[in-house]
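Undergrad: From the sequence below, what's the structure:
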Amino acid sequence: MITLPTRLHRLLPVLLLLLASPLAFAAAEGEVPAQMSILQTILHGGPLIVFIWVCILGTSMVLVMFTIQLYMTLRLESLAPKALLDSLAATIGAGNYQEAWEICKANKMYVASVLRGALERLGRGKESVESALIEFGQSEAQSIKTKISYISVIGVIAPMIGLLGTVIGMMGAFAVLGSSGVADPRSLALSIGEVLMATASGLFIAIPAFIFYYYFRNLSTAMFVACDSKLDRLIEDIPFEELLGIHIGENFKPAPARSQMAAGLSQKVSINDTTCPVCSGAIATGQSPCPHCGAVLEWA
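TA: Sure, this is the predicted structure:
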């Protein structure tokens, strides 16, 4: 006994033949026009051919959209505008780090987004800031690199869509050949033309897609290297040791004074010392904490 799925499996090739060439038998009777436009040729292929051409048109539109968007994005004027860099350099040079953070927050460029994350770790030291530049730089660059990878995907699937149209078109050509033999070469040539159009359209999209993919991939690498170099110049003169403990961001907190920092540390002094090792103020032997800066003194 044959089950329903087996029956459907056997009927599937027949259904594909009927969908791929609904006018095949009409072509054998001489009902196909002598000349057909491209649109008429596509419609003649049946619903599946029309669907394939819709997919090809959709991939071409996506390719154009990503190409224009990446072309406008991968420029120094978009990633690191000179006016923004000058403003940040002046603000950071003056020591207004919270204001620099607010400038970065108000801008959505690559340089501003990366520097904003690095400034939030300013109170943790130079190494933490440098690691933040790498971390946020990779995160911001990944969103752009993802769009570049989509172009590669289009270059891969476009020939596959064209190949699918080729297979379906060949099925229609064999349907014409089976119904009328070689007596009607015009209908057979029409079905083969559908095959060639589908294949050519897939390659027509895939070739520029791969060209744009490699172009934007190399361009993005060069642009990000240039931007990272500008970011390094912005932070190279920051006095990190003096800013330990500062909190930049939504809840701004200034760095504690040196005397406050020293107050929480134990300073070793000798019984022969008469001055505080932190503030150089005069102290008596055995006195702790320092009456001038509050440093905890550990007498030897």
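
Undergrad: Touching, residue 105 and residue 117? I think so.
TA: No - Residue 105 is beyond contact range of residue 117, at 10.7 Å (criterion: Cβ atoms under 8 Å). All C-beta spots, glycine's among them, are computed from the backbone N, C-alpha and C.

Undergrad: So these two - more neighbours on which side?
TA: More neighbours surround residue 117 than the other of residue 105 and residue 117, with 19 against 14 (other Cβ atoms under 10 Å).

Undergrad: I am assuming that one contacts residue 134, so please confirm or correct that.
TA: No - applying Cβ under 8 Å as the test, residue 117 and residue 134 come out as separate, 10.4 Å apart.

Undergrad: what's the longest helix in this protein?
TA: The residue-count maximum for a helix in the chain (DSSP state H) belongs to helix 126-180.

Undergrad: helices or strands up against that helix?
TA: In terms of contacts (3 or more Cβ pairs under 8 Å, 6 or more residues apart in numbering; DSSP states H and E), helix 126-180 is packed against helix 4-20, helix 24-28, helix 47-73, helix 110-119, helix 185-235.

Undergrad: which stretch in those helices has the least confidence?
TA: Of all the helices and strands packed on helix 126-180, mean pLDDT reaches its minimum on helix 24-28 (a mean of 36).

Undergrad: What's the local residue count around the residue lying closest to residue 170 once chain neighbours are set aside?
TA: Using Cβ to Cβ, 6 or more residues apart in numbering and skipping residues adjacent in sequence, the residue nearest residue 170 is residue 195, 5.7 Å away. Close neighbours of residue 195, defined as other Cβ under 10 Å, add up to 21.

Undergrad: before we move on, what about the one 5 residues further on?
TA: Summarising burial for residue 200: neighbours were counted as other Cβ under 10 Å, giving 13.

Undergrad: That one contacts residue 162, doesn't it?
TA: Yes - using Cβ under 8 Å, residue 200 is in contact with residue 162, at 7.4 Å.

Undergrad: Common neighbours of the two, please.
TA: Common contacts of residue 200 and residue 162 (Cβ atoms under 8 Å, 6 or more residues apart in numbering): none found.
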